[in-house]
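S.K.: I would like the atomic coordinates for the input below:
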Amino acid sequence: MENILVAGANGTTGKKIVDLLATSQYFTPVAMVREEEQQKQFAQRNIETILADLEGDVSHTVKNIDKVIFAAGSGGKKVKEVDENGAKKLIEASAQQEVKKFVMLSSMGADQPKEAEDLQEYLQAKHNADEYLKQSKLPFTIVRPGSLTNNKGSGKIELKHKLNKQGEISRDDVAQTLVSVLHDTAGANDTFEIIKGDTLISKALPN
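M.R.: Below you'll find the model as predicted:
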């Protein structure tokens, strides 16, 4: 069993990721949360937690961690501090600990943030974090979903390096995709976009 640090574990998508990992036969979740109050929900289910703020020191979070999923976000309030610099700090700490893989939840449009009609600041922060990850020595996968919905997941997606169209996708299917690429060969050192589609996630992923 590999220990998976989930940054942003208390978020809507983060909770879904932790739930999937908790039932996995391959992975054990370690929920990274910012406040002690947030630890209780995980502790009640015997899920390990670690306290850390992405605006502060995160070096302690990756000890005894095999892989990382970065699903944290500032909700548009502190995009530079959290979405960009927080991600960079965790990437740096992961590289120092020789983490085996870093999975980044990014966003469609992060490849060309200046062309976006809105959310430019957010997409620029995601772009900068993604590029920092690519230039690190870490094995990585960067997943860029379309607009997130709270619809029930279908387990099916459309995936391309560049979809060249807008689309939406359920948080369920995003979470499942992020957990699926934790496997060493799935989407190794790759960046791709996903929206809802007709192909099973396991079949859609680049090997």
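
S.K.: Can you show me the strands along this structure?
M.R.: 2-7, 27-33, 48-51, 67-70, 101-105, 140-145, 147-149, 156-160, 168-170, 190-196, 199-200 (DSSP state E).

S.K.: most packed of those strands?
M.R.: strand 67-70 (a mean of 28; mean count of other CB atoms under 10 Å). Any C-beta I mention is one placed from the backbone N, CA and C, and that applies to glycine too.

S.K.: In TSV: the strands of the chain, plus mean pLDDT.
M.R.: TSV is the format used below for these (pLDDT from 0 to 100):
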stretch	mean pLDDT
strand 2-7	98
strand 27-33	98
strand 48-51	97
strand 67-70	98
strand 101-105	98
strand 140-145	98
strand 147-149	95
strand 156-160	97
strand 168-170	98
strand 190-196	97
strand 199-200	97
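
S.K.: would you list the ones you listed in CSV and tack on distance to V58?
M.R.: Formatted as CSV, the strands of the chain follow (distance: least, CB to CB, whole Å):
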stretch, distance to V58
strand 2-7, 8
strand 27-33, 8
strand 48-51, 9
strand 67-70, 10
strand 101-105, 13
strand 140-145, 17
strand 147-149, 24
strand 156-160, 30
strand 168-170, 28
strand 190-196, 23
strand 199-200, 35
